[in-house]
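Participant: Provide a 3D model corresponding to the input given below.
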Amino acid sequence: MEFITTTNLRTQTSKLINTLKKGGSVSLIHRSKVVGVIKPKKQPKPLTDKDIKLLKKLAESLNLPKMSYKEREKIYREHLMNKYGKNIS
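Facilitator: The predicted structure follows:
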């Protein structure tokens, strides 16, 4: 299936789904003009151990300071006070 018209979408959905499952794409035609292309959704690849190790290595290379939630909250509140003043809740 290379193309499908907008009027045939209801009647030929099974053919369309089979084509998409096989990895094909289908042109959508409306009033004798191609208005779009229907493509199958790309499946994300799962994370492997190699990918996880790479992410951990990148996180360590950022060298971010370790701080507790209380410290984060304190810095955030100070930022809000400087930006908006003390009349916020």
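Participant: Show the model's pLDDT score for the residue nearest the centre of the chain.
Facilitator: The residue lying closest to the centre of the chain (Cα atoms, centre = their mean) is residue 44, at 9.7 Å. With respect to pLDDT, residue 44 scores 81.
Participant: And it, how far from residue 74?
Facilitator: Here the criterion is Cβ to Cβ, to the nearest Å. By it, residue 44 lies 38 Å from residue 74. In short, each C-beta sits where N, CA and C put it, glycine included.
Participant: what do you get for residue 46?
Facilitator: 39 Å.
Participant: how does the protein divide into domains?
Facilitator: The record assigns the chain these domain ranges, following automatic domain parsing: 3-38, 56-83.
Participant: Same list (those) but as JSON lines, adding mean neighbour count.
Facilitator: JSON lines is the format used below for the domains of the chain (neighbours: other Cβ atoms under 10 Å):
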{"stretch": "domain 3-38", "mean neighbour count": "12"}
{"stretch": "domain 56-83", "mean neighbour count": "9"}
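Participant: just the strands in this protein please.
Facilitator: In the chain, the strands defined using DSSP state E lie at 3-5, 26-30, 33-38.
Participant: Including mean pLDDT, could the ones you listed go into JSON lines?
Facilitator: JSON lines is the format used below for the strands of the chain (pLDDT from 0 to 100):
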{"stretch": "strand 3-5", "mean pLDDT": "91"}
{"stretch": "strand 26-30", "mean pLDDT": "94"}
{"stretch": "strand 33-38", "mean pLDDT": "94"}
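Participant: These into a markdown table, with extra columns for distance to residue 87?
Facilitator: Compiled in a markdown table, the strands of the chain are given as follows (distance: least, Cβ to Cβ, whole Å):
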| stretch | distance to residue 87 |
| --- | --- |
| strand 3-5 | 60 |
| strand 26-30 | 55 |
| strand 33-38 | 52 |
